[in-house]
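[1] got a predicted structure here, sequence first:
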Amino acid sequence: PLFGETLEDFLTEFKIFYIVRDPRDAMTSFWRFAGTGDGDLGPRTDSVDAFVRSAPSGQPLLFEHPPSTDMIARWCQHVGGWLPDMDSGAVKLVKYEDLLGNYDETLDGIADHMATPPIHRLHPDPSLPGRTPWKSTSGIWRERMSVETESYIGGIAGNLMFRLGYS
């Protein structure tokens, strides 16, 4: 909804990529970010379980229309909002996990979308300064999230997760 009719104008000049992440990892990462960052970056809770069920708050509300009931519904609204543009080929879906595990193949897909040969093959170094803990990892939710919350996420986001290849 933020782009509305201007998306077509963007697409005449730009290629758009949408990077998606497994919602369980996205919730775990966002929970940590909101709880440790400066300012009102989102709900501050004691656990990722509570975070998933929390109403969106703070700066994330600047980019949300209409408001979601909880953080996982917010993820669904955001990702789901881009599906028509991904389905049409206007926006290229890139999975975060593919950037980690299939870097070269993912870059090839990006280059294909841009109609250019891939020219950059330097892999990011996770040990460099400026990289924070948990970046360049997937599956961290298994260490922080209860089975009940995983089931809750599946109940709300399961169809979308399946469509995107997350089980």
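    Great, that's in hand. Numbers count the residues shown, from 1 in each chain.
[2] can you give me the strands in the chain?
    Remark: strands assigned in the chain by DSSP state E are 16-20, 91-95.
[3] out of the ones you listed, the one nearest Gly37 is which?
    Of all these, it is strand 16-20 that lies closest to Gly37, at 19.8 Å by CB to CB. Any C-beta I mention is one placed from the backbone N, CA and C, and that applies to glycine too.
[4] still on that earlier bit, deepest-packed of the strands of the chain, please.
    The highest mean neighbour count among those, using mean count of other CB atoms under 10 Å, belongs to strand 91-95: a mean of 18.
[5] quick one: the nearest residue in space to Leu99 that is not next to it in sequence from Lys95, how far?
    Leaving aside its sequence neighbours, Leu99 sits nearest to Thr106 (CB to CB, 6 or more residues apart in numbering; 5.4 Å). As judged by CB to CB, to the nearest Å, Thr106 and Lys95 stand 8 Å apart.
[6] what of Phe51?
    Separation of Phe51 from Lys95 (CB to CB) stands at 22 Å.
[7] for Gly101, same thing?
    Distance of Gly101 to Lys95, computed by CB to CB: 9 Å.
[8] quick one: the strands of the chain as JSON lines, columns for mean pLDDT and distance to Gly80 too.
    Formatted as JSON lines, these follow (pLDDT from 0 to 100; distance: least, CB to CB, whole Å):
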{"stretch": "strand 16-20", "mean pLDDT": "93", "distance to Gly80": "11"}
{"stretch": "strand 91-95", "mean pLDDT": "93", "distance to Gly80": "12"}
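[9] save those strands as a markdown table, and put in distance to His78 too.
    As requested, the strands of the chain are arranged in a markdown table below (distance: least, CB to CB, whole Å):
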| stretch | distance to His78 |
| --- | --- |
| strand 16-20 | 9 |
| strand 91-95 | 13 |
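[10] tell me which of the ones you listed sits nearest to Gly158.
    strand 16-20 (15.1 Å).
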